[in-house]
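**Q** Next comes the sequence, and after it the predicted model I'd like to discuss.
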Amino acid sequence: MVDLLLISFGAIFISNFVLARFLGICPFLGVSRKIETALGMGFAVIFVMTMASAITYGVQKLLVRHGLAEFLQTISFILVIAVLVQFVEMILRKTSPGLYQALGIYLPLITTNCAVLGVALINADPGEGYNFIQAMVNGFSGGVGFTLAIVLFAGLRERLEFAPLPKAMEGFPIALILAGLISIAFLGFSGFRLQALLGL
Amino acid sequence: MKRWQVFANGIFRENPIFRLVLGMCPTLAVSTAVVNGLGMGLAATFVLVCSNVIISLLRNVIPKEVRIPCYIVVIATFVTIVDKVMAASAPGLHQVLGIFIPLIVVNCIILGRAEAFASKNTVGRAFMDGLGMGIGFTLGLVLLSFFREVLGEGMLLVAEDFGFTGWRIIPEDNQALMLILPPGAFITLGLLLAGINKLSAKLSAAKDLAGKGGE
């Protein structure tokens, strides 16, 4: 149980997927103009990352058993993720048209969200040695970390709408600097020892 | 557009990093040293050129409905090749770039060019587009990692894999360590983008003025 807590704290705060590992920057910069859409994107990513962690865990086991993991890992992971995202898109279109409209072109783009393939590759890394539950918790917490980062960022960007800015700083430049400042705040978590806090 | 224009387009007018703002994950993550940026840029260029050529060759064969999965398989094949070659020839660099090598598969620049250009153009033009975009991406990465390495590490061109020990530009203990850390990536790229915006606004203003003067 404690190992799961450590994994999820690490994935959300200490090495946040967006702000410390640089995974999923495209949607982070692209869908963060409003808190609502940022939240929607965040939930979609949490769902897809958890599912992808679970499914790619099985795929990886299968590849290793047949000795194919060396060269088929990347291709099989990305195909599984592409199918999964298509599936989520179909469900969302049927059940929640409003959210489907809001997420627009970014939903199919979750396929090419590096956070999803990234978490699958991190889980498959023999150095980490995650079991099935740990892999899923890592995927879920990675998604939560992404959501936290993008919602914080969207909140700041909403206020930025009316800020007087030099022409050259408008748009991406100021957004990147803002992301840098949030990243500095998250840097405060590095060196934070949860084990010591829990008395381990 | 002539072929050389297609080539130059990727380097200047539609530079993937500074103009299109695509492929941000590897850009921010690996730009801690010039050699890392160069390695990532060249790996992406190889994948971009090869996948552009193959997709352009297959453009009349691939059914429209399943084109994206087909593109991804082509791209993933070349990424696997790059991954294995780099692991064998530059293990240190391969270690540093880590999961960002397999993640070239989901680099928006490559899928974007496959969809927007290679699937609609002849092989020769797709090749030039891939090369131009790849070189534009590499130049952007090198520029960003130049600032981060020099100001953050105080060194230039450290590449132990290739036997470079680098030059010390800023005396020890005076470098801005923050620029090597994750926040430094965001802030340096933000400032660089702002600088390039300013520069291109000045250039186009000067061009307008020169155009009016000529009339």
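**A** Looks like it arrived, so ask away. In this text the structure is predicted, and so the values were computed from the model without any measurement.

**Q** CA atoms for contacts and neighbours, from now on please.
**A** Will do.

**Q** Listing request: residues of chain B with sub-threshold pLDDT.
**A** In the predicted model, chain B carries pLDDT under 70 at residues B:1, B:159-161, B:163, B:211-215.

**Q** residues contacting the most centrally placed residue in it?
**A** For chain B, the residue sitting closest to the mean C-alpha position, by C-alpha atoms, centre = their mean, is B:F137 at 2.3 Å. Applying C-alpha atoms under 8 Å, 6 or more residues apart in numbering or on different chains, we find B:F137 in contact with B:11, B:15-17, B:41, B:45.

**Q** of all those, which comes closest to chain A?
**A** B:I17 (11.2 Å; C-alpha to the nearest C-alpha).

**Q** can you give me phi and psi for B:W167?
**A** With angles defined as degrees, to the nearest 10, B:W167 sits at phi -110, psi 140.

**Q** Repeat that for the one 3 residues further on.
**A** Phi and psi for B:I170, reported as degrees, to the nearest 10, are phi -110, psi 130.

**Q** and the host helix or strand of B:K202, how far from the chain's centre?
**A** Using DSSP states H and E, B:K202 falls within helix B:182-214. With C-alpha atoms, centre = their mean, to the nearest Å as the basis, helix B:182-214 stands 19 Å off its chain's centre.

**Q** Stretch B:42-55 now?
**A** Relative to the chain's own centre, stretch B:42-55 is displaced by 12 Å; criterion: C-alpha atoms, centre = their mean.

**Q** Select only the buried ones of the contacts of B:F137 in ChimeraX?
**A** Of the contacts of B:F137, the buried ones can be selected in ChimeraX as follows, counting by 16 or more other C-alpha atoms under 10 Å in any protein chain shown:
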select /B:11,15,16,17,41,45
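
**Q** I'd like the contacts of B:F137 written out as CSV, with distance to B:S145 added.
**A** Formatted as CSV, the contacts of B:F137 follow (distance: C-alpha to C-alpha, whole Å):
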residue, distance to B:S145
B:I11, 17
B:N15, 16
B:P16, 16
B:I17, 13
B:G41, 11
B:T45, 17
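
**Q** Quick check: helices, which of the contacts of B:F137 are part of them?
**A** Of the contacts of B:F137, the ones assigned to helices by DSSP state H are B:11, B:41, B:45.

**Q** roughly how far apart are the last one and B:G132?
**A** According to C-alpha to C-alpha, to the nearest Å, B:T45 and B:G132 sit 9 Å apart.

**Q** The first one too?
**A** Note on B:I11: its distance to B:G132, by C-alpha to C-alpha, is 6 Å.

**Q** same thing with the second one?
**A** Plainly put, B:G41 is 12 Å away from B:G132 if you go by C-alpha to C-alpha.

**Q** Give me the spatial nearest neighbour of B:I196, chain neighbours excluded.
**A** Nearest non-adjacent residue to B:I196, counting by C-alpha to C-alpha, 6 or more residues apart in numbering or on different chains: B:F18, 7.5 Å away.

**Q** Just give me the neighbour total for the one you found.
**A** B:F18: 23 surrounding residues under other C-alpha atoms under 10 Å in any protein chain shown.

**Q** Give me the phi and psi for it.
**A** Main-chain dihedrals, B:F18, degrees, to the nearest 10: phi -90, psi -20.

**Q** Surely it touches B:L193?
**A** Yes: contact status for B:F18 versus B:L193: in contact at 6.1 Å, counting by C-alpha atoms under 8 Å.

**Q** Could you tell me the angle between the strand or helix carrying the residue nearest to the centre of chain B and helix B:182-214?
**A** If you go by DSSP H and E, B:F137 is part of helix B:123-148. Calculated by axes from the mean of the first three to the mean of the last three C-alpha atoms, to 10 degrees, helix B:123-148 forms an angle of 120 degrees with helix B:182-214.

**Q** May I have the strands that pair with the helix or strand following helix B:123-148, each with its orientation?
**A** Where DSSP H and E defines the elements, the next helix or strand beyond helix B:123-148 is strand B:155-156. Applying DSSP bridges, strand B:155-156 is found paired with strand B:167-168 (antiparallel).

**Q** The host helix or strand of B:C50 near chain A anywhere?
**A** B:C50 belongs to helix B:34-57 when elements are defined using DSSP H and E. No: Helix B:34-57 lies apart from chain A when judged by C-alpha under 8 Å from any C-alpha of the partner chain; the minimum separation is 14.0 Å.

**Q** Packing partners of that helix?
**A** With contacts defined as 3 or more C-alpha pairs under 8 Å, 6 or more residues apart in numbering or on different chains; DSSP states H and E, the packing partners of helix B:34-57 are helix B:24-30, helix B:67-89, helix B:91-97, helix B:108-116, helix B:123-148.

**Q** Can I get it as PDB, trimmed to CA atoms?
**A** Taking C-alpha atoms only, helix B:34-57 is exported to PDB below (Å, rounded to 0.1, in the frame of the first residue of the first chain):
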ATOM      1  CA  VAL B  34      24.200  21.000 -27.600                       C
ATOM      2  CA  VAL B  35      25.200  17.400 -28.400                       C
ATOM      3  CA  ASN B  36      21.800  16.100 -27.000                       C
ATOM      4  CA  GLY B  37      19.900  18.600 -29.100                       C
ATOM      5  CA  LEU B  38      21.900  17.700 -32.200                       C
ATOM      6  CA  GLY B  39      21.400  14.000 -31.600                       C
ATOM      7  CA  MET B  40      17.700  14.300 -31.100                       C
ATOM      8  CA  GLY B  41      17.400  16.600 -34.100                       C
ATOM      9  CA  LEU B  42      19.300  14.300 -36.500                       C
ATOM     10  CA  ALA B  43      17.300  11.300 -35.200                       C
ATOM     11  CA  ALA B  44      14.100  13.100 -35.900                       C
ATOM     12  CA  THR B  45      15.400  14.300 -39.300                       C
ATOM     13  CA  PHE B  46      16.200  10.700 -40.400                       C
ATOM     14  CA  VAL B  47      12.700   9.500 -39.300                       C
ATOM     15  CA  LEU B  48      11.000  12.500 -41.000                       C
ATOM     16  CA  VAL B  49      12.800  12.100 -44.300                       C
ATOM     17  CA  CYS B  50      12.300   8.300 -44.500                       C
ATOM     18  CA  SER B  51       8.600   8.400 -43.400                       C
ATOM     19  CA  ASN B  52       7.800  11.200 -45.800                       C
ATOM     20  CA  VAL B  53       9.300   9.300 -48.700                       C
ATOM     21  CA  ILE B  54       7.600   6.000 -47.900                       C
ATOM     22  CA  ILE B  55       4.200   7.700 -47.200                       C
ATOM     23  CA  SER B  56       4.500   9.700 -50.400                       C
ATOM     24  CA  LEU B  57       5.200   6.400 -52.300                       C
END
